[in-house]
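Participant: dropping a prediction and its sequence here:
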Amino acid sequence: MKSLNENLSEIFDVEPLETNLPTVSDDNFVPAPETSIIDSDSEFARKNIRELILKGNKAVDEMLNIASQSEVPRAFEITSVFLKNLTDMNKDLLEIHKKKKDLVLTKDKSNNELNINQAVVFTGSTHHLMKLLKNSSENPV
């Protein structure tokens with residue numbers, strides 16, 4: 001069975017391309033730190049939402065122009081729904097920042113946690129404390 005590259009080369013009567021693509025193995029895979037994943041994903045989502053907002057702003061102008069020229073109530077209804085979606089995208093953009101901040105803070109808190117399994121608490125008077133301190137200084141362990 002011929003490969004796609006060979007089939008296309010025969011159809012177009014050209015030399016087949018040599019593909020020397022590097023192979024990817026699990027041995028060479030190094031996972032990125034979580035913070036960089038969070039940063040890259042939030043930046044990707046932020047960039048996409050910003051693009052959609054910019055395109056949406058241009059589209060709203062055109063939709064309002066069409067709606068005002070046609071004077072059809074349905075055109076105004078569609079434009080208002082589109083404006084609502086555009087407003088939601090702006091809220092989503094701000095929500096990305098909040099969620100990113102929460103994720104980073106949560107990760108930092110989990111790294112700085114300290115578990116105390118046993119704690120010694122002295123309950124007594126200052127007189128008893130002075131006796132304990134005096135005895136410990138006379139009989140060091």
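Facilitator: Done, it's in. Numbering: from 1, shown residues only.
Participant: what's the weakest-modelled helix or strand in the protein?
Facilitator: Every helix and strand of the chain was ranked by mean pLDDT, DSSP states H and E. The lowest is helix 4-12, at a mean of 76.
Participant: what does it rub up against?
Facilitator: Identification of contacts with helix 4-12 by CB atoms under 8 Å, 6 or more residues apart in numbering yields 2, 15, 16, 17, 19. The C-beta positions use only the backbone N, C-alpha and C, and glycine is treated the same way.
Participant: list just the nearest of the residues you listed to residue 139.
Facilitator: residue 19 (80.6 Å; CB to CB).
Participant: so what's the closest one scoring on pLDDT?
Facilitator: pLDDT for residue 19: 66.
Participant: would you mind writing the CA trace of stretch 55-66 as PDB?
Facilitator: Extracted in PDB, the C-alpha atoms of stretch 55-66 (Å, rounded to 0.1, in the frame of the first residue of the first chain):
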ATOM      1  CA  LYS A  55     -14.200  41.400  15.600                       C
ATOM      2  CA  GLY A  56     -17.500  41.600  17.400                       C
ATOM      3  CA  ASN A  57     -17.200  45.400  17.800                       C
ATOM      4  CA  LYS A  58     -16.800  45.700  14.000                       C
ATOM      5  CA  ALA A  59     -19.700  43.300  13.400                       C
ATOM      6  CA  VAL A  60     -22.000  45.300  15.700                       C
ATOM      7  CA  ASP A  61     -21.400  48.500  13.700                       C
ATOM      8  CA  GLU A  62     -22.300  46.700  10.500                       C
ATOM      9  CA  MET A  63     -25.300  45.000  12.100                       C
ATOM     10  CA  LEU A  64     -26.700  48.300  13.500                       C
ATOM     11  CA  ASN A  65     -26.200  49.900  10.100                       C
ATOM     12  CA  ILE A  66     -28.100  47.000   8.400                       C
END
